[in-house]
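# got a predicted model here, sequence first, then my questions.
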Amino acid sequence: MLHTVEVAWFYGDIMAALSNMISWLDTRGSQPVISRQVGGDGTAFRLRFSTEAEALAFVSAFGGRLMPARYEASAA
């Protein structure tokens, strides 16, 4: 089961935000599946991690929220 984190909408320098995230992931050897959602309110990122511990560490570093398990069931 993958654990999905949704990071809040970004306004401004998306490339800098993504670069910070990628650097953080690289230093930990994490390789989540990353997707981006663009809307009128800005851009959000969803990352799918193989472990809950990785997902929670990412939330701690960047904010956002761990999606409920039922989200994973509907995304499959």
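Perfect, I can see it now.
# top helix in this protein by residue count?
Among all segments of the chain classified by DSSP state H, the helix with the greatest residue count is helix 14-28.
# what's in contact with whichever helix or strand comes after that helix?
Sequence-wise, the next helix or strand downstream of helix 14-28 (DSSP states H and E) is strand 33-39. The set of residues external to strand 33-39 that reach it, using C-beta atoms under 8 Å, 6 or more residues apart in numbering, is L2, W9, T43, A44, F45, R46, L47, R48. (Each C-beta comes from the backbone N, C-alpha and C, glycine too.)
# ok, stretch 45-61 next?
Residues outside stretch 45-61 that contact it (C-beta under 8 Å, 6+ apart) are 2-7, 10, 18, 21, 24-25, 28, 30, 32-37, 64-67.
# what about the residue nearest to I14 when sequence neighbours are not counted, distance to R36?
Sequence neighbours aside, T43 is the residue nearest to I14 in space, at 5.5 Å (criterion: C-beta to C-beta, 6 or more residues apart in numbering). Computed with C-beta to C-beta, to the nearest Å, the distance linking T43 and R36 is 6 Å.
# the residue nearest the centre of the chain: which element?
The residue lying closest to the centre of the chain (C-alpha atoms, centre = their mean) is L47, at 3.4 Å. Element membership of L47, judged by DSSP H and E, is strand 42-49.
# restricting to C-alpha, output that strand in PDB.
As requested, C-alpha coordinates have been extracted for strand 42-49 and formatted as PDB (Å, rounded to 0.1, in the frame of the first residue of the first chain):
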ATOM      1  CA  GLY A  42      -2.400  27.500  -7.500                       C
ATOM      2  CA  THR A  43      -0.400  24.300  -7.700                       C
ATOM      3  CA  ALA A  44      -0.500  21.300  -5.300                       C
ATOM      4  CA  PHE A  45       1.700  18.200  -5.300                       C
ATOM      5  CA  ARG A  46       0.800  14.700  -4.400                       C
ATOM      6  CA  LEU A  47       3.500  12.300  -3.400                       C
ATOM      7  CA  ARG A  48       3.000   8.600  -2.900                       C
ATOM      8  CA  PHE A  49       5.500   6.900  -0.500                       C
END
